[in-house]
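Enquirer: Kindly generate the corresponding structure for this input.
(3 chains)
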Amino acid sequence: MTFGKGCHLHLIDGSAFIFRAYHALPPLTRKSDGLPIGAVAGFCNMLWGQLTQNRGRTGPTHIAVVFDYSSKTFRDDIYDKYKANRPELPEDLRPQFPLTREATRAFNVACLEMEGYEADDIIATLARRATEAGGEVTIISSDKDLMQLVGNGVVMFDAMKNRTIDRDEVIEKFGVPPERVVDVQSLAGDSVDNVPGAPGIGIKTAALLINEYGDLETLLSRAEEIKQPKRRAALIENADLIRVSKRLVTLDAQAPVTESLDALEVRDPEAEPLMAFLSQMEFRTLTRRVAEALKIEPPVMADNSLTPDHAEKAADDPAPASTPVPFSHGDYECVRDRAALDRWIAAIREAGHVAVDTETTSLDEMRAALVGISLSVVPGQACYIPLGHRQGGDLFAGDALSDGQMPLDEALAALKPVLEDASILKIGQNMKYDWKIFARHGIRIAPFDDTMLMSYAMHAGLHNHGMDGLSERYLGHKPIEIKSLLGSGKSAITFDRVPVDDAVKYAAEDADVTLRLWQAFKPDLHRAAVTTVYETLERPLVPVLAEMEMAGIRVDPNVLSRMSNAFAQKMAGLEAEIHEIAGQPFNVGSPKQLGEILFDAMGVPGGEKGKTGAYSTGADVLEDIAANTDLGRPADLAARVLDWRQVSKLKSTYTDALQGHINPDTGRVHTSYSIAGANTGRLASTDPNLQNIPVRTEEGRRIREAFVAGPGMRLVSLDYSQIELRILAHVADIPALKQAFRDGIDIHAMTASQMFGVPLDEMTPEVRRRAKAINFGVIYGISGFGLARNLRIPRAEAQAFIDTYFERFPGIREYMDRTVAFAKDKGFVQTLFGRKIHTPEINAKGPTAGFARRAAINAPIQGAAADIIRRAMIRMPDAIRGLPATMLLQVHDELLFEVEDGAVEDLITAARKTMEGAAHPAVHLDVPLIADSGQGANWAEAH
DNA sequence: TGCGTCACG
DNA sequence: GACGTACGTGACGCAC
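Expert: Coordinates of the predicted model:
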């Protein structure tokens, strides 16, 4: 086929693919010999995705992957410092480059590179030829240097974000259309590629200038007319450098590319060389996916996925567990009687492990009824035991159990010995859920593994750890979505109404997937060196949290209801006043309407619109307006809206919503903690969130009066004092801070004294407040801007404080630099206890880099604090055994207990000892950990 | 469903 | 005068 109209050329920026793959994935190695292949694996996955995703209307007729030949190009002759700033290639990436070429050829895709030219030039040349021939072009890349090519039949596609970049996107990014992009780039320069540009001119200013003068040459020739002296000088003095920059950034669309467009026609991969390559790389999942797509048998690969003691067993198994087995829903068994269940139990005992999953009527484990159980022992083989399915459709038969189900009690009685057998490993995905369901039926699952927590230990920061996502990512298989069975929204049904035949496919598949994930993760856990984290900080927390959640906390609905009424009255009063001041009624709860009232109707100056075009009406904005008495009425209005908002928040989120969360059976509120939700190792509390119950204002704190102890009981709270600052003092090794903590001195006052030279006994609250803000700022990866805003002081002043701080405590800056360098090098940071938090964006450019940098600085501190309280919680059941006390809640640095009246002091002694000693023996901190305590009839008193 | 807002550590 | 900026969460109401 001759390339022409109707043809569609896809040009893949191969180098960009490699770098993205390298940074997006953990450092994977080939299992047989340790060769680093993470980038190759990612590259192959992305390439395969491109080849399979877009077949059809928008799919390519022609395709090529384009690489950079070497770092030396004609641009080095134009400007000797071009790309001189580029960091060294990571050690483990270099050997992967030739492999990506090999991979491209193995997929039977044209692989282009040319000495003396960058990949971008080849892309520019081919794109030009293709559009001249009447065809269309999609460039698979998000590199801004390619954006000059967009338009006239050329678009770009960001494969990571799954987003097309067209003319509008380019204008959004550069402020000018594609044909003017080089002009802007020439002016702004590029620190990454070391394109000089004009000093002090960035993209924003460059776009402004180009839009005003039309193009770069006109601008340079009329530079004298520029009003701002600095800009004028920058352009006049650097005109030559700017012209050099233009030659650097302009892509060469006339590169002597020898391949014809016709040679790039899409070809089906040849099975044999492709399979050979993939199995040589030991990409098990991708090999299987490709084999499935090509409808051929996957090659048998070396078995690396089983633990040693199971490997032997598998060796004489005709179908070893790790050979990729296709997912086949028809092979799943529906277990309807005791004989069938006994066969499964025998298979489980034989294997020594089983993947388990439960199906229930609700996500709320405390109210959920068990509907069925699925099991899997060997990949591809799984069963579902329906236990609580009900007749659908018939209104009168609506509550009757469907036929052909074992009695629930009989099935559980048969499974209990297996689920509690110390020699049989139970494997689950989010086992806390199933653990609670079984616990409510008198079964305590042990021992177990949890694939969600394995993923969390290995991949925190890279992606979420839900089963469907993990399956797609690591097994290349998209499981049946629960939505397809239950529907969504108002018409959603519960699982007991799902026809058993459909339930079998869905539920058994979940057990199958869980088992396969376990097999994939088990060896990797060790390779990633997070086995200890998984075994000491994640897995043992499951039963502890399950017990806490099941215990719940008593909440008095009468207290809440009275407060709701009072809040409603107060809101109505405020609303009337607000409407009165505004001169018209409007929805006070609508930021949009409020903004229009304040800034348009009432004419308050300085309204700022956000990205949606609405005025910002956040608390800080309203506070400024309320404090500005010159404004008159708008100040009154803002002050009342602030009051209204506070009350409205308390009512809707707390006093109203909490009442609905009281379990009618227990009279208590049962939150759910997600172990793998927060990247840093913190827990997150949901349904309801009991980690954000108000405390900072007097009115809000009264909500805690509704959280009460049972009759004859007290609530006891213990919280770590300044735990994050103590960890900072330790990890950054700051002698003055460490000594202050040892001496039990007020740490913020000490900081203030050191910074401002004020003796401790002359400290004023204001000076101390500033030091406190800086101490916290450090933990968050401080910036002058952020501190200035927090303290409401000029930015220069805030920056001066920070400079002084770093002078007084130079170790802090060293810690920050060290941490960021570590993150850039390894792609993750680590806590004292070995927890890894990945930082995939740390090498990004633009504002993202700032976020990633600060997150990387904060994560080891926040994460270590999270590790410490996890360790305390895991030990707590043993530490308080025998005391009439229950651990109820965790709020990041606080543990809340319910304890019988007479045992309060014993509980405090035992819990304090456990919390203060929680780092031992894994880590010896140079600073003491201190836990303060309080007690009372309700949470407000105890805190 | 995304955004703005605000509750907590 | 480049950009936009404290870290980590979850729930609510509005507007689409």
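Enquirer: Residue numbers of chain A in contact with DNA strand B?
Expert: A:591, A:595, A:610-612, A:614, A:616-619, A:621-622, A:642, A:645-646, A:649-650, A:653, A:691-697, A:700, A:862, A:891-894 (CB under 7 Å from any atom of the strand). The C-beta positions use only the backbone N, C-alpha and C, and glycine is treated the same way.
Enquirer: three-state assignment of A:I373?
Expert: strand (DSSP: H, G, I helix; E, B strand; the rest coil).
Enquirer: ok, the nearest residue to it once chain neighbours are set aside - contacts?
Expert: For A:I373, ignoring the flanking residues on the chain, the nearest one in space by CB to CB, 6 or more residues apart in numbering is A:I385 at 4.7 Å. Neighbour list for A:I385: A:334-335, A:341, A:372-375, A:406, A:411 [criterion: CB atoms under 8 Å, 6 or more residues apart in numbering].
Enquirer: what helix or strand does A:I385 sit in?
Expert: Per DSSP states H and E, A:I385 falls inside strand A:381-386.
Enquirer: A:A133 touches A:L261, doesn't it?
Expert: Yes. Contact criterion CB atoms under 8 Å: A:A133 and A:L261 qualify, at 6.6 Å.
Enquirer: which one of the two has more residues nearby?
Expert: A:L261 (21 against 15; other CB atoms under 10 Å).
Enquirer: First-to-last residue distance for stretch A:610-627?
Expert: 22 Å (CA to CA, to the nearest Å).
Enquirer: returning to what we had before: just the buried ones from the residues of chain A next to DNA strand B?
Expert: A:591, A:595, A:614, A:617, A:621-622, A:642, A:645-646, A:650, A:653, A:691, A:693-694, A:700, A:862, A:891-894 (16 or more other CB atoms under 10 Å).
Enquirer: check the residues you listed against DNA strand C, which are close?
Expert: Among these, DNA strand C is touched by A:653, A:691, A:862, A:892 when using CB under 7 Å from any atom of the strand.
Enquirer: residue contacts, the second one?
Expert: Going back to what we said before, that points to A:Q691. A:683-685, A:890-892.
Enquirer: and which of these is nearest to A:G189?
Expert: A:A684 (42.7 Å; CB to CB).
Enquirer: Wait, that closest one touches A:G677, no?
Expert: Yes. A:A684 is within contact range of A:G677, at 3.9 Å (criterion: CB under 8 Å).
Enquirer: Low-confidence stretches in chain A?
Expert: A:53-58, A:85, A:87, A:160-162, A:301-324, A:392-398 (pLDDT under 70).
Enquirer: domains for it, by residue range?
Expert: Following automatic domain parsing, chain A resolves into domains at A:8-264, A:329-528, A:554-669, A:724-862.
Enquirer: Looking at those, spot the one closest to A:L883.
Expert: domain A:554-669 (18.6 Å).
Enquirer: can you give me the helices for the stretch 751-900 of chain A?
Expert: A:765-779, A:784-791, A:795-808, A:810-826, A:847-879 (DSSP state H, counting those that start in this stretch).
Enquirer: Return the most buried member of those helices.
Expert: helix A:847-879 (a mean of 21; mean count of other CB atoms under 10 Å).
Enquirer: For whichever residue of the stretch 801-943 of chain A sits closest to DNA strand C, list the residues it contacts.
Expert: When scored by CB to the nearest atom of the strand, the stretch 801-943 of chain A has A:A855 as its residue closest to DNA strand C, at 3.2 Å. By CB under 8 Å, 6+ apart, the residues touching A:A855 are A:781, A:839.
Enquirer: separation between it and A:D687?
Expert: Look at A:A855 and A:D687: by CB to CB, to the nearest Å, they are 26 Å apart.
Enquirer: Spatially, what comes nearest to A:A124 if we skip its sequence neighbours?
Expert: Excluding its sequence neighbours, the residue lying closest to A:A124 (CB to CB, 6+ apart) is A:L251, at 3.8 Å.
Enquirer: wait, that neighbour sits on A:D145?
Expert: Yes. A:L251 is within contact range of A:D145, at 7.4 Å (criterion: CB under 8 Å).
Enquirer: Identify the contacts common to these two.
Expert: Common neighbours of A:L251 and A:D145 (CB under 8 Å, 6+ apart) are A:D120.
Enquirer: my guess is the residue nearest to A:A124 is in a helix, correct?
Expert: No. Read with three-state DSSP, A:L251 is coil and lies in no helix.
Enquirer: Tell me who's in contact with it.
Expert: A:120-121, A:123-124, A:145-146, A:148-149.
Enquirer: quick one, phi psi at it?
Expert: phi -80, psi 150 (degrees, to the nearest 10).
Enquirer: Can you name the residues in contact with stretch A:273-280?
Expert: A:44, A:102-103, A:106-108, A:286-287, A:290-291, A:294, A:296, A:298-299, A:301.
Enquirer: mind saving the C-alpha coords of it as PDB?
Expert: In PDB, the C-alpha atoms belonging to stretch A:273-280 read as follows (Å, rounded to 0.1, in the frame of the first residue of the first chain):
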ATOM      1  CA  PRO A 273      10.800 -14.400  17.300                       C
ATOM      2  CA  LEU A 274       8.500 -12.400  19.500                       C
ATOM      3  CA  MET A 275       7.800 -15.300  21.900                       C
ATOM      4  CA  ALA A 276      11.500 -16.000  21.900                       C
ATOM      5  CA  PHE A 277      12.300 -12.500  22.900                       C
ATOM      6  CA  LEU A 278       9.600 -12.200  25.600                       C
ATOM      7  CA  SER A 279      10.500 -15.500  27.200                       C
ATOM      8  CA  GLN A 280      14.100 -14.700  27.100                       C
END
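Enquirer: What residues of it count as buried?
Expert: A:274-275, A:277-280.
Enquirer: now do stretch A:902-918
Expert: A:903-904, A:906-908, A:910-912, A:914-916, A:918.
Enquirer: For the strand holding A:I385, list every residue counted as buried.
Expert: A:381-386.
Enquirer: cool, and stretch A:198-218?
Expert: A:198, A:201, A:203, A:205-207, A:209-210, A:213, A:216.
Enquirer: Okay, the closest residue in space to A:L216 that isn't next to it in sequence and A:R232: tell me how far apart.
Expert: Nearest non-adjacent residue to A:L216, counting by CB to CB, 6+ apart: A:D183, 3.9 Å away. For A:D183, the distance to A:R232 (CB to CB) stands at 17 Å.
Enquirer: out of the two, which sits in the more crowded spot?
Expert: Shown here are A:D183 and A:R232; by other CB under 10 Å, A:D183 has more neighbours (28 against 14).
Enquirer: Distance from whichever strand or helix holds that one to the middle of the chain?
Expert: Taking DSSP H and E as the criterion, A:D183 maps to helix A:181-188. In terms of CA atoms, centre = their mean, to the nearest Å, the centre of helix A:181-188 is found 34 Å from the chain centre.
Enquirer: other SSEs contacting the helix or strand immediately after that helix in the chain?
Expert: Toward the C-terminal end, the helix or strand that comes next after helix A:181-188 (DSSP H and E) is helix A:203-213. Packing partners of helix A:203-213 (3 or more CB pairs under 8 Å, 6 or more residues apart in numbering; DSSP states H and E): helix A:181-188, helix A:216-221, helix A:229-237.
Enquirer: quick one, what contacts the closest residue to DNA strand C within the stretch 101-250 of chain A?
Expert: DNA strand C sits closest to A:G202 of the stretch 101-250 of chain A, with a gap of 1.8 Å, by CB to the nearest atom of the strand. By CB under 8 Å, 6+ apart, the contact set of A:G202 is A:A188.
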